[in-house]
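Q: Return atomic coordinates for the entry below.
(one chain, ligands or ions: 1)
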Amino acid sequence: MYDLKIRDIGSFDVAVCGGGIAGACAAISSARNGAKTVLIERGGSLGGTLTEGFMPLILDADNKGGIVKELFDFLNSHNMTLARRGDRVDKDGMRIPGRMVDTEGCKYFFDKSCADAGVTVLFYSQVAAVKMKDDKIDGLLVVTECGNYSLKADVYVDATGNGSLADLAGCDWECGDPDEKKPSPTSLAVCTVGMPREYDGTDSTDDKKQYSLMLRERGIEISGGLAAVKKLPSLSAWNMGINFQYDVMPDDIESLSRAVTEGRCESFEVIEAHKSIPGYENLYTAFTGSHIGIREGRRIFGRYRISDADIQEGRRHDDAVCLVTFGVDVHKLKSDDTDECLRGYRTKPYNIPYRALVPIGVENLLLAGRCISGDFYPHSSYRVMGNMAATGEAAGYAAARCVREATLPREYDGKDVKTFMQSRGYEI
Ligand SMILES: Cc1cc2nc3c(=O)[nH]c(=O)nc-3n(C[C@H](O)[C@H](O)[C@H](O)COP(=O)(O)OP(=O)(O)OC[C@H]3O[C@@H](n4cnc5c(N)ncnc54)[C@H](O)[C@@H]3O)c2cc1C
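A: Numbering: from 1, shown residues only. A predicted model of the protein is given here:
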C-alpha cells in the first residue's frame with residue numbers, strides 16, 4: 001500500500017474526464033444545460049488529438065450543428081480555416097469549404113467556451129482511480145501537478161479517448177480487428193516549415209502516392225506508406241503525416257512509449273532527408289505533436305454496439321445523436337500490409353444512437369468520443385472529429401438531464417437527446 005496524501009476538491013453534478021474534442025463539447029454542453037460541471041484533463045490544453053496531437057483537419061463536420069458549428073463560425077471569422085483542393089462539391093455546386101483548422105484557435109475557442117459556460121477546468125490532472133459503490137462510481141482519485149485530489153459527481157462522462165475511466169470502473173471492452181486483434185496504427189504528427197513555395201499539398205490519394213513516390217525515388221522510405229502533406233490556414237506551416245506504429249495497445253505503456261520514440265525519430269530523420277531534394281533545402285521540423293495520435297483505444301461495450309450491418313445498411317434510430325457520412329478508413333495494421341490493402345466496404349449514412357454512449361455495468365457513467373460502443377470497422381468510420389464532437393455534446397446534455405431528473409443514463413429517454421441535437425442543427 002502506498003501512503004497517498006489526498007485533498008478533497010468537492011462535489012459536482014457532472015464530472016467529464018478527458019478534454020479532447022468530445023470531452024470539451026461534453027463539458028460545455030453539460031454546464032450550459034444547468035449542471036455544475038468539472039472537466040479533468042491530463043494535458044495543458046483542450047482538444048486532445050486535434051490540438052495536442054496536431055491533427056488539424058475536422059472531418060464529417062458539414063452536417064453538424066451545435067458546438068461544431070460554433071467552432072467553425074469562430075474559426076472562419078478569424079481566417080483560421082483553409083479550403084482544401086479536391087473534387088467534392090456541396091449541394092450548391094461550391095467546393096466544400098476547408099476543414100483544415102488553426103489549432104491555437106481551437107484551443108482558445110474551447111478555453112473561452114468552457115469559461116463562459118462556467119465549467120471548472122482542471123489541467124495537468126489525470127484520473128487515476130475510482131471508488132465504486134455497488135455498480136456506481138462513488139468518487140475519483142485525480143493525480144495532478146499540485147498533488148492528489150478526490151472528487152465526487154452524480155454522473156461521470158468518460159471522454160478519455162482510450163476509455164480509461166470505464167476500464168477503471170470495470171466495464172468490458174475490446175480493441176483491434178476481428179481477425180487478428182491488431183489495433184489501428186498510431187501516428188505522430190509533424191509540423192514543418194519551409195516547403196517549396198509552389199507546393200499545393202496532398203488532398204487526394206493520388207497526390208499522396210505521388211509524394212511518397214518522390215521520396216522513394218530518392219531512397220527515403222516512410223513507415224506510413226502514403227505521405228499526407230497538408231497546408232495550415234496560418235503560420236505558413238504544414239501538417240505532415242508520414243509514420244505508423246503497430247501493436248500499440250491501450251493497456252500497454254511500453255508499446256505506447258516505443259511508438260512515441262519511433263514516431264519522433266522517424267519524423268526528424270525523414271524531414272532532414274528531404275534536404276537532398278531540390279526545392280526542399282529549407283524544410284525544418286517546427287514541432288511534433290505533444291501527444292501521439294491514437295486512432296483506436298478501448299471500444300467500451302455499451303447498451304448498443306454499432307455493427308458492420310448498421311453502417312452498410314445505413315441504419316437510423318429513434319435515439320440518434322448524429323448522422324455519420326464518413327466511410328470506413330482502416331489503415332495498415334502491420335508493417336507488411338501493402339498501401340493498397342483496403343480493409344473495409346462502402347457505407348451508407350447512419351446514426352450513432354444514444355444507447356452506444358451508455359456503457360453496460362456502471363450505472364452513472366456515459367461515454368463520449370472514440371471509446372463509445374461500436375465494432376472495429378464502424379469505429380474506423382465514426383471516429384472522425386465532427387462525429388466525436390457530436391457524441392460529446394449529446395453526452396453532456398444527457399448527463400445534465402439525468403442529474404436534473406434524478407435518472408440513470410440507461411433509464412433516460414434517448415428520444416429527448418435526438419430532439420435536442422436536432423434543435424441544435426445536427427442532421428439526423
Ligand atoms: C493519426 C490520426 C489522424 C487522424 N486524422 C483525422 C482527420 O484527419 N480528421 C478527423 O476528423 N479525425 C481524424 N482522426 C480521428 C480523431 O482525431 C479522433 O478520433 C478524435 O479526435 C478523438 O477525440 P476524443 O475526444 O474522443 O479523444 P482524444 O482526442 O484522444 O482526447 C482524449 C483526451 O482525454 C485526455 N485523457 C486521457 N486519459 C485521461 C485521464 N485518465 N485523465 C484525464 N485526462 C485524460 C487526453 O489527454 C485527451 O485530451 C485522426 C486520428 C489519428 C490518431
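
Q: contacts, neighbours, all on C-alpha from now
A: Will do.

Q: ok, residue 406 to the ligand distance?
A: Separation of residue 406 from the ligand (CA to the nearest ligand atom, to the nearest Å): 26 Å.

Q: How about residue 330?
A: As judged by CA to the nearest ligand atom, residue 330 and the ligand stand 11 Å apart.

Q: Residue 14 now?
A: Using CA to the nearest ligand atom, we find residue 14 at a distance of 15 Å from the ligand.

Q: Mind exporting the C-alpha coordinates of the helix or strand in which that residue is found to CSV?
A: Taking DSSP states H and E as the criterion, residue 14 maps to strand 6-17. Output in CSV follows, covering the C-alpha atoms of strand 6-17 (Å, rounded to 0.1, in the frame of the first residue of the first chain):
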residue,chain,number,x,y,z
ILE,A,6,-5.3,13.3,-0.8
ARG,A,7,-7.2,16.5,-0.5
ASP,A,8,-10.9,16.8,-1.4
ILE,A,9,-11.8,19.2,-4.1
GLY,A,10,-15.6,18.9,-3.7
SER,A,11,-18.7,17.7,-5.4
PHE,A,12,-20.1,18.3,-8.8
ASP,A,13,-23.2,17.3,-10.7
VAL,A,14,-21.2,16.1,-13.7
ALA,A,15,-17.5,15.2,-14.0
VAL,A,16,-16.2,14.9,-17.5
CYS,A,17,-12.9,13.0,-17.7
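
Q: Check which helices and strands it sits against.
A: If you count contacts as 3 or more CA pairs under 8 Å, 6 or more residues apart in numbering; DSSP states H and E, strand 6-17 packs onto helix 21-32, strand 37-40, strand 147-158, helix 385-404.

Q: interface residues of the stretch 201-350 of the chain facing the ligand?
A: Residues of the stretch 201-350 of the chain lying close to the ligand (CA under 6 Å from any ligand atom) are 293-295.

Q: Just send those back as JSON lines, with pLDDT too.
A: Shown next, in JSON lines, are those (pLDDT from 0 to 100):
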{"residue": "293", "pLDDT": "98"}
{"residue": "294", "pLDDT": "98"}
{"residue": "295", "pLDDT": "97"}
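
Q: would you turn those residues into JSON lines with neighbour count and secondary structure?
A: Putting these into JSON lines (neighbours: other CA atoms under 10 Å; DSSP: H, G, I helix; E, B strand; the rest coil) gives the following:
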{"residue": "293", "neighbour count": "21", "secondary structure": "strand"}
{"residue": "294", "neighbour count": "22", "secondary structure": "strand"}
{"residue": "295", "neighbour count": "20", "secondary structure": "coil"}
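
Q: re earlier: of all the helices and strands packed on strand 6-17, which one is nearest residue 223?
A: Checking those against residue 223 by CA to CA gives helix 385-404 as the closest, at 24.3 Å.

Q: Check which helices and strands the closest one sits against.
A: Helix 385-404 is packed against strand 6-17, helix 21-32, helix 66-77, strand 147-158, strand 320-324, strand 365-367, helix 414-423, with contacts defined by 3+ CA pairs under 8 Å, 6+ apart.

Q: will you turn those into JSON lines that also has mean neighbour count and mean pLDDT?
A: As requested, the helices and strands packed on helix 385-404 are exported to JSON lines (neighbours: other CA atoms under 10 Å; pLDDT from 0 to 100):
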{"stretch": "strand 6-17", "mean neighbour count": "20", "mean pLDDT": "98"}
{"stretch": "helix 21-32", "mean neighbour count": "31", "mean pLDDT": "99"}
{"stretch": "helix 66-77", "mean neighbour count": "18", "mean pLDDT": "95"}
{"stretch": "strand 147-158", "mean neighbour count": "22", "mean pLDDT": "98"}
{"stretch": "strand 320-324", "mean neighbour count": "28", "mean pLDDT": "97"}
{"stretch": "strand 365-367", "mean neighbour count": "31", "mean pLDDT": "99"}
{"stretch": "helix 414-423", "mean neighbour count": "19", "mean pLDDT": "98"}
